[in-house]
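1. sequence first, predicted model second:
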Amino acid sequence: MTTSPSKILVWDWTIRLVHWLMVVLVPLLWWTAEEGHMDWHKSLGLTMFSLVLFRLIWGFMGSWTARFVPMVRRIGSLRPYLGTLRNRQFAPTFGHSPLSVLSVFALLLALVTQVTTGLFSVDVDGLESGPLAIWISFETGREAADIHEFNFKILSLLIGLHLIAIAIYRFVIKEKLVWPMISGHRDRQDFPSDLLPENRAHLLPVIIAATLSLASVFALVNLG
Ligand code: HEM
Ligand code: HEM
């Protein structure tokens with residue numbers, strides 16, 4: 001536990017890097033699939049796979065605001081949190097608010113579904129496929145592709161809601177969430193508590209999580 005003078009780290013650099021890379025990759029993945037640049041689509045898809053896997057591992061060994069266990073615990077205070085929004089007695093949360101925990105889990109689940117189904121997808125004439133499609137029948141590969149296509153609609157919807165929520169926080173609640181996701185920091189005075197969790201990304205867990213996610217992509221490429 002540490003205290004610090006004027007600014008405090010809320011999002012470590014890996015959370016921010018993974019987030020903004022995802023923001024760039026999702027439109028590129030859509031565009032490459034639409035235009036039929038499937039070699040690019042699959043390479044970018046595998047990059048996305050490694051980012052999603054990194055984020056999942058980071059949820060168990062990363063900085064405090066990245067960890068899934070405190071995030072799940074926060075869901076328990078959803079009702080009082082919604083009450084503070086209604087009564088206009090809003091107080092910022094150190095890390096994801098109980099409401100944003102739900103949206104983050106929904107986004108991560110949609111991303112996991114998207115990358116997993118992509119690995120098994122086969123296109124209609126069997127020419128393009130994900131690296132694991134050789135392990136399943138053509139029909140199952142087509143079913144994976146159907147889910148891949150449908151889930152992209154769900155992912156797009158969730159991203160739309162994510163952006164609307166951020167705009168509501170900015171313009172109705174007057175809470176600026178985007179800058180901390182860029183700089184990592186917020187004003188220390190936003191949080192009255194004397195003791196806040198130490199929130200840095202430590203080098204060893206970064207190396208372990210990055211190695212595991214890159215090794216998985218390497219294994220996938222060589223299995224396919
Ligand atoms: C492809 C589009 C996007 C995806 C898939 C996405 C996904 C996510 C995910 C998974 C998180 C959780 C971060 C974590 O704990 O790892 C998150 C948080 C966040 N995102 Fe995005 N995001 C997208 C676009 C954007 C854009 C365009 C903005 C800014 C305008 C934005 C601003 C934020 C902010 C401010 C948070 C932190 C929310 C909080 O305070 O709890 N996101 N996003
Ligand atoms: C978040 C990550 C991903 C996104 C947003 C995404 C998005 C898309 C979209 C929008 C399509 C077109 C669906 C259609 O209209 O038929 C598509 C097709 C496809 N994707 Fe992905 N994709 C992702 C990851 C992957 C991965 C990891 C792979 C494999 C390495 C992959 C392989 C494919 C294949 C083979 C198709 C063709 C399926 C068909 O023609 O029916 N994708 N993807």
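-> Great, that's in hand. Ligands and ions are numbered 1, 2, ... in the order given.
2. contact residues of this structure facing ligand 1?
-> Residues of the chain lying close to ligand 1 (Cβ under 6 Å from any ligand atom) are 15, 19, 22-23, 26, 55, 66, 96-97, 100, 104, 107-108, 159, 162-163, 166, 177-178, 181. Where C-beta positions appear, they are placed from N, C-alpha and C, glycine not excepted.
3. look up how far ligand 2 lies from residue 91.
-> Distance from residue 91 to ligand 2, counting by Cβ to the nearest ligand atom, to the nearest Å: 34 Å.
4. and the residue nearest to residue 161 when sequence neighbours are not counted, what is it in contact with?
-> Counting by Cβ to Cβ, 6 or more residues apart in numbering, residue 161 lies nearest to residue 103, which is 6.8 Å off, once chain neighbours are set aside. Applying Cβ atoms under 8 Å, 6 or more residues apart in numbering, we find residue 103 in contact with 158, 161-162, 165.
5. need those residues in CSV with secondary structure, pLDDT and neighbour count, can you?
-> Formatted as CSV, the contacts of residue 103 follow (DSSP: H, G, I helix; E, B strand; the rest coil; pLDDT from 0 to 100; neighbours: other Cβ atoms under 10 Å):
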residue, secondary structure, pLDDT, neighbour count
158, helix, 98, 17
161, helix, 98, 13
162, helix, 98, 15
165, helix, 97, 15
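6. and those, which is closest to ligand 2?
-> Taking Cβ to the nearest ligand atom as the measure, ligand 2 lies nearest residue 158 of the contacts of residue 103, at 11.7 Å.
7. these two touch, right, the closest one and residue 105?
-> No - counting by Cβ atoms under 8 Å, residue 105 is not a contact partner of residue 158; they are 10.3 Å apart.
8. now the buried members of the residues of the chain next to ligand 1.
-> Buried members of the residues of the chain next to ligand 1, scored by 16 or more other Cβ atoms under 10 Å, are 15, 22, 26, 55, 66, 96-97, 100, 104, 107-108, 159, 166, 177, 181.
9. what's the helix or strand for the residue nearest the centre of the chain?
-> Residue closest to the average C-alpha location in the chain (Cα atoms, centre = their mean): residue 108, at 5.0 Å. In the assignment (DSSP states H and E), residue 108 maps to helix 98-120.
10. again with residue 186
-> Remark: residue 186 resides in strand 185-187, with elements defined by DSSP H and E.
11. do the same with residue 217
-> Using DSSP H and E, residue 217 sits within helix 203-223.
12. how about the residue with the largest distance to the centre of the chain, phi and psi?
-> Distance from the C-alpha centroid of the chain peaks at residue 125, with 32.4 Å (Cα atoms, centre = their mean). Main-chain torsions, residue 125, degrees, to the nearest 10: phi -100, psi 20.
13. now do the strand holding residue 186: which elements does it pack against?
-> Judged by 3 or more Cβ pairs under 8 Å, 6 or more residues apart in numbering; DSSP states H and E, strand 185-187 is in contact with strand 7-9.
14. and the contacts of the strand it packs on?
-> Around strand 7-9, the neighbours that count as contacts under Cβ under 8 Å, 6+ apart are 94, 184-188, 191, 196, 199-200.
15. strand partners (parallel or antiparallel) of that strand?
-> Pairing partners of strand 7-9, with direction, according to DSSP bridges: strand 185-187 (antiparallel).
16. buried subset of the contacts of strand 7-9?
-> Applying 16+ other Cβ under 10 Å to the contacts of strand 7-9 flags 94, 184, 186, 191, 196, 199 as buried.
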